[in-house]
Structure formats: structure tokens, C-alpha cells
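Asker: sequence and predicted structure are below.
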Amino acid sequence: MRMTPYARLQRWLLYAAMVLVVGTPGLLVWHHLGMTRVLELAAGSGFPVTPVDDRGDGGTSTAKLVKGGPGIVLDCDVRKDTYQWPYCGYHFELGLGENGIDLSGFHSMTVDVTDAAPGKHGMRAYFRQFERGFSRVGEWQSQKVNEIEFMLPPDGVATVPLELLRTAPWWVSAREVPLLMTGVRIDNTTAIELYTGSREAPGLHRLTLKSLRLEGKWISQNALLLAIVVAWMLLGTMWLAARLLEYRAKLHSSKARVAALKVVNRALELETQELAGQAFTDSLTGALNRNGMREWLMVDDQARRECMGLIVVDLDHFKRINDGHGHAVGDEVLSRFAREMRARLRAEDRLVRWGGEEFLVLRRGASVDETLALAERLRGAMADIAWPSGLRVTASFGVTGTHEGEDIGVALHRADQALYIAKKNGRNRAECARDAQQAVDHGVAS
Ligand SMILES: Nc1nc2c(ncn2[C@@H]2O[C@H](COP(=O)(O)OP(=O)(O)OP(=O)(O)O)[C@@H](O)[C@H]2O)c(=O)[nH]1
């Protein structure tokens, strides 16, 4: 059986669902273990780096990049004479003007930095964010400062979760930042700075930065979950739509089949009716045949109970018409005769082709006199009919009527006798036999 397009679509959706069933946990595990992206700022990454110190803030510390050696070497002379929080460090340029880098997909920063000065050392990291609607180009102090301070372990490698970043309170208070803009944001970061710690002892610090690395996922867990849910929902919706469309198509085709069957049924009904009609009707003349008459008498109770006028009609010398003009003309005479007779009968009367060129008129509820009068009218009408080939056709009529409780066969026999008399008396006439005695009187009783 051919598959419908909707069934094919459902099969593809099923494959997609199977892929999703396997893919969903696979993606979650992969996201948990991998899908990592790394942004290296130091170690030949190409991001411009410059030394910074506190001289712009009124201090006297100095910072100078020194060529040679592995990593980025910075000679930092920290002095606490004029400025309370002396510092120096690295400044990594990530963007220009109002356009920074979106770092919101990164979750941690790892630094590999050593300080040649003895003792423990801390570091400060600043993520400078160009805050649209607040920061202004050319005025770097207007850029939001997201900061974190941490201690360096002995090996100098420290990993800092970026969720611990805080908007620097000194920046908020100094710039009178609107409350709604004071939250941490790193989606438009123009620079990252790495400074010596706030409690660093004054003196010469030789910093060697081997790596400054941001780590994150290519897609956040929430975004991944959302994508998976959307994929499932999309699949479910498409599946439902495909099912609905398939049901609708099936409904349409069964409706079409029902309609076609109705047409076939109707045709069969008509054919049956036609066949039934043929069983009871003479095909040449359209008059009832003997079966039709029997059926009528059986079905029509009233016809059976009432008295009935009977006329047996026989075309005169019909053989001569056949012989002289051909069988086809004979047929035409028979058919025209039946048509003209029927046109002169009442709706409740019946014309029966009794055989050959002999017909029977059954007239419900009519007396013998009325029936005789009708026979005379019919006989007279024969002269007015336009017969084929300009023929002059006459007929003889035998008339009688049924008595109460009388079998119609008996009456028919009587009418036949009357017809015989009509033929005998010269044809083209109507004879009447009211009862058996009268028929005997005519000397024709069988
Ligand atoms: N064309 C045609 N002829 C038919 C049909 N049925 C019977 N006949 C012919 O009708 C003729 C009847 O002839 P007869 O019984 O001799 O009667 P008639 O010639 O009418 O003579 P009378 O009845 O004595 O006046 C026969 O030649 C039959 O072949 C029919 O359906 N079509």
C-alpha cells in the first residue's frame, strides 16, 4: 500500500524523536563534560597589552613591560607615598569605542602569574564594561568596573569564577550610577586589567604573566535546556499536525468513497427499478404485460374487491399489415395504438398487452354500460389516429364486467367470447357479454 505524505512525515518525525531520545542525555553529558570554549588574552593571543600604574590617580608607582622571558614580564615599582591604594598591572584591550566583547558566556578566569618579590601576593582583576545608555566614548572612567580580588597560590595559577565579580562600589559612588545599572554585566567588555593586590607591600615586583584565560561553554546550560525543550515541543507539534492532517485526508477519502458508493447504489437502484419495470411492462408498447397485471391485481386490494369493467381489444387483420408493410410498421402500429388508447383512459385504468396484437383494458369501479361506452369511444377514435404508412387500422372490442366475488378469469373468458362475436360479426365493432347466459345466447359459449 502506498504511504501518504503525512504517514511519510510521521515516519521521519519518529526517526527525529529517536535521535532526540538518544541526543538529549548525550547533549547534557557533553555539555557537562565538554563543549568548552577558551579565550586566551595573554601568550601571543594578539590582544594589545599595555602597562598601567597609579600615576593617573595621583600615585607614584611605575609599571614597565620588559622584553624577553616566557610570558609577559612587567617590572612594577609599587610606592605608597602619595596614593593610598598603589597599584600597577596589565591592561588588555578587547574593544574600541563603545564596542566590546560579550564575555557573558564565560564562567571562569584562570591566571598563571608569578611575582618575583618574596611573600604572598594578591591580584585584582577588573572587567571594564561599556554600559550603553550610561558610559561615554572617550571617557574611560564612565565604563563600569566589575572587579574581584584574589590571592595567588604558590604556583601562581588561580581560577576565579566570574559569578564572583562585583561592580566596584567606589565606581558606583563616584559616578552616581543609577541603581538599575549597578549590577554586574560583562556582555560588552572593552578591557580586562590585572593589577597587583590592594595590600601589596611597596617595592619592586617583577610579574610574569604566562596565561590569562577565560573559560566557558559554547552554549549556556539554560539555553541548551531551552533548545532541547523547544525541539521536543516542535517535534510533538509536528507529529500532532501530521496525525491530524492524515486523519483529515483519510476522512476526505472515505467521504469520497461513500459519495462514489452512493452514486453506484443509486445507479443500481435505477437499474433494479428499470429491470423491475421491464418485468412488468411490455417493452414495445409500454402497456402492462401479464405479470404486470397480476402484480397490479395482487397489490391493489381495492381493484380486486371492486367491480371492474373489462375490454378485450384485438386489431383487425393485423397479419395483413405485417405482410404488406413489414414487421417494423406492424410494431409501430402496435406501439401507437397502445399510446393512443392510454391517452384516453383514466389514471386508475390499466392497459395490458395480452399477447400479439391483443390488448386488455381493466377499468376499476366501472359498470358494464360505462365500459361499453368507453369501448365505443375507443373504437371511434381509431379512425382519427394518424397510423404509419397512411394505414387505416380498426379493432374489435369484447366488453364485459366482473360480478361481485367473481374470479377475473371467468370475466376474461366472457370478454373473449364477446370479442369473438365482434370478429364474427364483421370486425371494427364492440360486443358486450353481461353474463355467461348472454354469451351462450350469442351462441359462442365454449
Ligand atoms: N409486427 C408484429 N407483429 C406481431 C407481433 N405479435 C404478433 N404479431 C403478428 O400478429 C399477427 C396476428 O395474426 P392473426 O392471429 O392471424 O390475426 P389477424 O391477422 O389480426 O386477424 P384477425 O384477428 O382475425 O382480425 C401475426 O401475423 C403475428 O405474427 C408483434 O409484436 N409485432
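Answerer: Sure thing, it's come through. Numbering: from 1, shown residues only.

Asker: ok, residue 431 touching residue 416?
Answerer: No. Assessed by CB atoms under 8 Å, residue 431 is found out of contact with residue 416, at 10.9 Å. From N, CA and C alone the C-beta is placed, and that goes for glycine too.

Asker: now do the shared contacts for the two.
Answerer: residue 398 (CB atoms under 8 Å, 6 or more residues apart in numbering).

Asker: more crowded one of the two?
Answerer: Neighbour totals were compared for residue 431 and residue 416, and residue 431 leads with 25 against 22 (other CB atoms under 10 Å).

Asker: pLDDT below threshold where in the chain?
Answerer: Where the chain drops to pLDDT under 70, the residues are 1, 300-305, 435-446.

Asker: ranges for the helices of it?
Answerer: 5-33, 169-175, 221-280, 290-299, 301-305, 318-325, 327-343, 368-381, 408-424, 436-441 (DSSP state H).

Asker: show me the contacts for the residue nearest to residue 98 when sequence neighbours are not counted.
Answerer: Closest residue in space to residue 98, ignoring its immediate chain neighbours: residue 130 at 5.0 Å, by CB to CB, 6 or more residues apart in numbering. Going by CB under 8 Å, 6+ apart, residue 130 touches 95, 97, 98, 99, 100, 143, 144, 188, 189, 190.

Asker: and with 6 Å instead?
Answerer: Residues in contact with residue 130, defined by CB atoms under 6 Å, 6 or more residues apart in numbering, are 98, 100, 143, 188, 190.

Asker: which residues of the stretch 301-446 of the chain lie near the ligand?
Answerer: For the stretch 301-446 of the chain, the residues in contact with the ligand (CB under 6 Å from any ligand atom) are 314-319, 322, 327, 330-331, 334, 356-357, 423, 427.

Asker: 5 Å instead, please
Answerer: Proximity of the stretch 301-446 of the chain to the ligand, by CB under 5 Å from any ligand atom, involves residues 316, 317, 318, 319, 322, 327, 330, 331, 356, 357.

Asker: out of these, flag the one nearest to residue 384.
Answerer: Minimum distance to residue 384 across these is 16.5 Å, recorded for residue 316 (CB to CB).

Asker: could you report the neighbour count for the closest one?
Answerer: 19.

Asker: from what I can see it touches residue 425, true?
Answerer: No. Applying CB atoms under 6 Å as the test, residue 316 and residue 425 come out as separate, 11.9 Å apart.

Asker: how many neighbours does whichever residue of the stretch 101-250 of the chain sits closest to the ligand have?
Answerer: Residue nearest to the ligand within the stretch 101-250 of the chain (CB to the nearest ligand atom): residue 250, separated by 55.8 Å. Neighbour count of residue 250, defined by other CB under 10 Å: 12.

Asker: what about the strands in the stretch 1-150 of the chain?
Answerer: Using DSSP state E, counting those that start in this stretch, the strands of the stretch 1-150 of the chain run over 36-40, 49-53, 62-66, 72-78, 88-93, 106-115, 122-129, 144-151.

Asker: minimum distance to residue 310: which of those strands has it?
Answerer: strand 36-40 (112.0 Å).

Asker: neighbouring strands for the closest one, and are they parallel or not?
Answerer: Note on strand 36-40: by DSSP bridges, its sheet partners are strand 203-217 (antiparallel).

Asker: then the partner strand to PDB, C-alphas only?
Answerer: In PDB, the C-alpha atoms belonging to strand 203-217 read as follows (Å, rounded to 0.1, in the frame of the first residue of the first chain):
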ATOM      1  CA  GLY A 203      58.800  47.700  46.500                       C
ATOM      2  CA  LEU A 204      59.800  46.200  43.200                       C
ATOM      3  CA  HIS A 205      57.600  43.400  41.900                       C
ATOM      4  CA  ARG A 206      58.500  41.600  38.800                       C
ATOM      5  CA  LEU A 207      55.300  40.000  37.400                       C
ATOM      6  CA  THR A 208      55.500  37.300  34.800                       C
ATOM      7  CA  LEU A 209      52.100  36.600  33.200                       C
ATOM      8  CA  LYS A 210      52.200  33.300  31.300                       C
ATOM      9  CA  SER A 211      48.400  33.000  30.700                       C
ATOM     10  CA  LEU A 212      45.200  34.800  31.200                       C
ATOM     11  CA  ARG A 213      42.400  32.600  30.100                       C
ATOM     12  CA  LEU A 214      38.600  32.800  30.100                       C
ATOM     13  CA  GLU A 215      36.700  29.500  30.000                       C
ATOM     14  CA  GLY A 216      33.100  29.000  29.200                       C
ATOM     15  CA  LYS A 217      30.600  26.800  27.400                       C
END
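
Asker: what angle sits between it and strand 72-78?
Answerer: Orientation check (axes from the mean of the first three to the mean of the last three CA atoms, to 10 degrees): strand 203-217 against strand 72-78 gives 130 degrees.

Asker: name the surrounding residues that touch strand 203-217.
Answerer: So strand 203-217 is in contact with 35, 37-43, 71-77, 105-117, going by CB under 6 Å, 6+ apart.

Asker: just the buried residues from these, in PyMOL please.
Answerer: The PyMOL selection below is limited to those of the contacts of strand 203-217 classed as buried (16 or more other CB atoms under 10 Å):
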select buried, resi 39+41+42+71+72+73+74+75+76+77+105+106+107+109+111+112+113+114+115+117
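
Asker: got the domain boundaries for the chain?
Answerer: Per automatic domain parsing, the structural domains of the chain span 37-217, 290-441.

Asker: what about the first one, start to end distance?
Answerer: Yep, that's domain 37-217 we're talking about. Start-to-end span of domain 37-217 (CA to CA, to the nearest Å) is 6 Å.

Asker: chain center to it, what's the gap?
Answerer: Computed by CA atoms, centre = their mean, to the nearest Å, the chain-centroid distance of domain 37-217 equals 60 Å.

Asker: mind listing what the closest residue to residue 334 other than its chain neighbours touches?
Answerer: Nearest non-adjacent residue to residue 334, counting by CB to CB, 6+ apart: residue 285, 5.6 Å away. Residues near residue 285 by CB under 6 Å, 6+ apart: 334, 335, 338, 353.

Asker: make TSV out of the strands of the stretch 1-150 of the chain and add distance to residue 348.
Answerer: TSV is the format used below for these (distance: least, CB to CB, whole Å):
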stretch	distance to residue 348
strand 36-40	102
strand 49-53	120
strand 62-66	128
strand 72-78	123
strand 88-93	115
strand 106-115	103
strand 122-129	107
strand 144-151	109
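
Asker: how about these, which one is nearest residue 262?
Answerer: Residue 262 lies closest to strand 36-40 among the strands of the stretch 1-150 of the chain, at 67.4 Å (CB to CB).

Asker: tilt between the closest one and strand 106-115?
Answerer: Using the same axes, to 10 degrees: strand 36-40 against strand 106-115 is 40 degrees.

Asker: centre of the chain versus strand 36-40, how much separation?
Answerer: Per CA atoms, centre = their mean, the centroid offset for strand 36-40 relative to its chain is 48 Å.
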